[in-house]
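Student: below are the sequence and a predicted model; questions follow.
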Amino acid sequence: MNALLPLWSFVVRTSVKWPILQTLAPFVPVVALWWAVAAWGPFPPAFFPSPADVVAKFVSLMEKGILPEYLGDSVARLAIGAAVGIGLGVPLGLWIGLNKSAHRALWPVLLFFQAIGDIAWLPILIIWFGFGLTTMTFVIVYTVLFPVILNTVLGVRSVRIELHRAAQSLGASPARIVGEVVVPGALPNIMTGLRNGLGYGWRALIAAEMIVGTSGIGFLMFDARRAGSVTEIVLGMIVLGILWYIVDAWILAPIEQATGRRWGLVTQ
Amino acid sequence: MKSLSLKNLAKTYFDAYKGEHVTAIRDVSLEVPAGEFVSIVGPSGCGKSTILNMVAGFIPHSGGEILVGGTPVKGPGPDRGVVFQSFALFPWKTVLDNVGFGPKMRGVPKAERDAIAREYLALAGLSHAADRYPNELSGGMQQRVGVVRALANEPDVLLMDEPFASVDAQTRMTLQDELSRIWEERRPTVVFITHDVPEAVFLANRVVVLSKGKVLAEVEVPISRPRVWDRLVADDEFKDLSNQVLALVRSA
């Protein structure tokens, strides 16, 4: 056993030095298994491509410029969803959370419309707006908006009354209380809403692209099905996973780290 | 510093679920001259926190008058600083920014309000904690910040709602020593709510015993200052007064 200790120590030191290794390590067995099954050969390569086939397809689609363009389209749509989700969802959530009568009147309605999830709107949207960008934008904005609103409302209402009172007795006006107390107090919930909303929105967007799209990763995958290219479909799936990981690990998690955790509002 | 005066203060509210009117405060009159420290004690449910919440303006009163320096109270305001049992520090602000919050709301520029905050932090021996966040501090330290935050806004009256009830016994005595010292230095007008009789006697010039929404008795505390636990813990005058107040509370 003792002989293994220096090796273990080496692994720990290396992974501290390069945190990316910690992220990639769990995928080693997954890819190894995939490769082994592909090489073992119970399925024809056109039906079950190997990792090498997918990498080759990736290189060729990058060279042709198709993948960067489609990826750009999908990410731009996600960014619009995020922007509208924050720009509209957070103010609405603050209003509903702070205003008792607005809460009473709108909460059941919000829950109702949240339940009609994303692509359940597609049939009627296609009749209203046709196949295209408007329909896809509606789906992603709709999907991001509700989790952001609902979580913002919860966040606003979770701010303890003593904090409102403390601010009031220190001379804060209602408007200053929103900026100094309500928004920072609700921020961990707002982030949760955004993370959930973008997660649902991303999936809804891919589904919408498959059904009504003319570009984007979802369209790429569905188009590949028509051409019978399993390699391209698998490539699309991998791109989706990696992209979401990047959004989560490089954008959402650092914001949470810098806010809620430092303040003790979110436990490690 | 200004005086506080309660005239025939009453609080009744309608309990919609039970369908009946409830009287929390029947008829309370109390004069707190500027620069006096008054403790209000009483058993649970006697209405002592209700009085404080009405004076702070957090809840409306349904009868009588609350005057701060002769001006009637309408809602919360910076003339009445509040120290909460749950500390109520802003978790997203550093200690310095918590203490500077009141001046910030008055529009005091950043450099100046930081100077004010540092001065008050030094008063409570908290200078070293200025850049930390509340959740990084112990309960006793957090409540020191809570007291300093209220003082730094220079209120006319300081309202304290069982401020030391949620810290351990050792820390509580230290905090009482410190509050006594700070009061002797600055002489603010203080209304201090507690159910701890020795605490009430130790800190106050006068102890008000509350029972069933009315003032049962007022007991003057002529013990000399400076007051510290090292001296008072074995002081006969302190023990007699404490026992006298305790008997009143138990009869309430």
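Tutor: Good, I have the coordinates.

Student: from here on, contacts and neighbour counts on C-alpha atoms
Tutor: Fine.

Student: can you name the residues of the stretch 51-200 of chain B sitting close to chain A?
Tutor: B:56, B:58, B:76-82, B:84, B:86, B:88-93, B:101-102, B:105-106, B:133-135, B:150, B:153 (CA under 8 Å from any CA of the partner chain).

Student: which of the residues you listed are buried?
Tutor: Buried members of those, scored by 16 or more other CA atoms under 10 Å in any protein chain shown, are B:56, B:58, B:76-82, B:84, B:86, B:88-93, B:101-102, B:105, B:133-135, B:150, B:153.

Student: which of these fall within strands?
Tutor: Using DSSP state E, the subset of those located in strands is B:80-82.

Student: and A:Leu194, what helix or strand is that in?
Tutor: Remark: A:Leu194 resides in helix A:183-212, with elements defined by DSSP states H and E.

Student: report the central residue of the chain.
Tutor: No chain specified, so I'll use chain A. A:Gly199 (3.0 Å; CA atoms, centre = their mean).

Student: my question was about chain B
Tutor: B:Met160 (1.6 Å).

Student: restrict the longest helix seen in chain B to CA atoms and write it as CSV.
Tutor: What stands out as the longest helix in chain B, according to DSSP state H, is helix B:169-186. What follows is helix B:169-186, C-alpha atoms only, in CSV (Å, rounded to 0.1, in the frame of the first residue of the first chain):
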residue,chain,number,x,y,z
ALA,B,169,-23.4,34.0,29.3
GLN,B,170,-19.6,35.0,29.4
THR,B,171,-19.9,37.2,26.3
ARG,B,172,-23.1,38.7,27.6
MET,B,173,-21.4,40.0,30.8
THR,B,174,-18.5,41.5,28.7
LEU,B,175,-21.0,43.2,26.4
GLN,B,176,-22.9,44.6,29.4
ASP,B,177,-19.6,46.0,30.8
GLU,B,178,-18.9,47.6,27.4
LEU,B,179,-22.3,49.0,26.9
SER,B,180,-22.2,50.5,30.4
ARG,B,181,-18.8,52.1,29.6
ILE,B,182,-20.0,53.4,26.2
TRP,B,183,-23.1,54.9,27.8
GLU,B,184,-21.0,56.6,30.4
GLU,B,185,-18.8,58.1,27.7
ARG,B,186,-21.6,59.2,25.3
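
Student: returning to that earlier point: got the angle for the following helix or strand past the helix holding A:Leu194 vs helix A:183-212?
Tutor: Per DSSP H and E, the first helix or strand lying C-terminal to helix A:183-212 is helix A:217-227. Put simply, helix A:217-227 runs at 20 degrees to helix A:183-212, going by axes from the mean of the first three to the mean of the last three CA atoms, to 10 degrees.

Student: that older thread, quick check, the residue nearest to the centre of chain B in a helix?
Tutor: No - according to DSSP: H, G, I helix; E, B strand; the rest coil, B:Met160 belongs to no helix; its state is strand.

Student: would you state the strands of chain A in chain order?
Tutor: According to DSSP E, chain A contains no strands.

Student: any weak-confidence spans in it?
Tutor: A:1, A:259-268 (pLDDT under 70).

Student: the stretch 51-200 of chain B too?
Tutor: In the stretch 51-200 of chain B, no residues with pLDDT under 70.

Student: all the helices of it, residue numbers only.
Tutor: B:95-99, B:101-105, B:110-123, B:139-152, B:169-186, B:197-203 (DSSP state H, counting those that start in this stretch).

Student: swap in the stretch 51-200 of chain A?
Tutor: A:51-64, A:66-84, A:90-98, A:100-115, A:122-129, A:133-158, A:161-169, A:174-177, A:183-212.

Student: how far does the fourth one sit from the chain's center?
Tutor: Counting by CA atoms, centre = their mean, to the nearest Å, helix A:100-115 is centred 24 Å from the centre of its parent chain.

Student: repeat for the longest one
Tutor: In terms of CA atoms, centre = their mean, the centre of helix A:183-212 is found 5 Å from the chain centre.

Student: ok, that helix near chain B or not?
Tutor: Yes - using CA under 8 Å from any CA, helix A:183-212 reaches chain B at A:184-185.

Student: and that helix, what other elements does it pack with?
Tutor: Judged by 3 or more CA pairs under 8 Å, 6 or more residues apart in numbering or on different chains; DSSP states H and E, helix A:183-212 is in contact with helix A:66-84, helix A:133-158, helix A:217-227.

Student: any idea how far A:Ile124 is from A:Leu110?
Tutor: 19 Å (CA to CA, to the nearest Å).

Student: comparing these two, which residue is more hemmed in?
Tutor: Taking other CA atoms under 10 Å in any protein chain shown, A:Leu110 and A:Ile124 do not tie; A:Leu110 has more neighbours (15 against 12).

Student: residues in contact with the more buried one?
Tutor: A:146, A:150 (CA atoms under 8 Å, 6 or more residues apart in numbering or on different chains).

Student: deepest-packed of the helices of the stretch 51-200 of chain B, please.
Tutor: helix B:95-99 (a mean of 26; mean count of other CA atoms under 10 Å in any protein chain shown).

Student: residues in contact with it?
Tutor: B:89-90, B:114, B:117-118, B:121, B:129-134, B:145-146, B:148-150, B:152.

Student: could you rerun that using 7 Å?
Tutor: B:89-90, B:114, B:117, B:129-134, B:145, B:148-149, B:152 (CA atoms under 7 Å, 6 or more residues apart in numbering or on different chains).

Student: wait, is B:Val209 part of a strand?
Tutor: Yes - counting by three-state DSSP, B:Val209 is located in a strand.

Student: tell me who's in contact with it.
Tutor: B:40-42, B:215-218, B:249.

Student: helix, strand or coil for B:Lys11?
Tutor: On the basis of three-state DSSP, B:Lys11 is classed as strand.

Student: list the beta-bridge partners for it.
Tutor: For B:Lys11, the beta-bridge partners are B:Ile25 (DSSP bridges).

Student: my read: it touches B:Ala24, true?
Tutor: Yes - using CA atoms under 7 Å, B:Lys11 is in contact with B:Ala24, at 5.5 Å.

Student: between those two, point out the one with more neighbours.
Tutor: Using other CA under 10 Å as the criterion, B:Lys11 and B:Ala24 rank with B:Lys11 on top: 22 against 19.

Student: and that one, what pLDDT?
Tutor: The model reports B:Lys11 with a pLDDT of 93.

Student: the one 10 residues further on too?
Tutor: The pLDDT attached to B:His21 in the predicted structure is 88.

Student: same question for the helix or strand where it lies: list its buried residues.
Tutor: Assigned by DSSP H and E, B:His21 falls within strand B:20-32. For strand B:20-32, the buried set under the neighbour-count rule, 16+ other CA under 10 Å, comprises B:23-28, B:30, B:32.

Student: ok, of those, which one's closest to A:Glu63?
Tutor: B:Ala24 (78.2 Å; CA to CA).

Student: so what's that closest one up against?
Tutor: B:Ala24 neighbours (CA under 7 Å, 6+ apart): B:11-12, B:47, B:213.

Student: can you give the contact residues for the longest helix of chain B?
Tutor: B:140, B:164, B:203, B:227-229.

Student: which of the residues you listed lies closest to chain A?
Tutor: Relative to chain A, the closest of the contacts of helix B:169-186 is B:Phe164; by CA to the nearest CA it sits at 16.0 Å.

Student: the closest one: neighbour count?
Tutor: B:Phe164 has 26 neighbours, counted by other CA under 10 Å.

Student: once you drop chain neighbours, what's closest to it?
Tutor: If the residues on either side of it in the chain are set aside, B:Phe164 comes closest to B:Arg172, at 5.9 Å by CA to CA, 6 or more residues apart in numbering or on different chains.

Student: what does B:Val228 give?
Tutor: B:Asp177 (5.5 Å).

Student: picking that back up, between helix A:66-84 and the helix holding A:Leu194, find me the angle.
Tutor: 140 degrees.

Student: what residues of helix A:183-212 count as buried?
Tutor: A:183-212.
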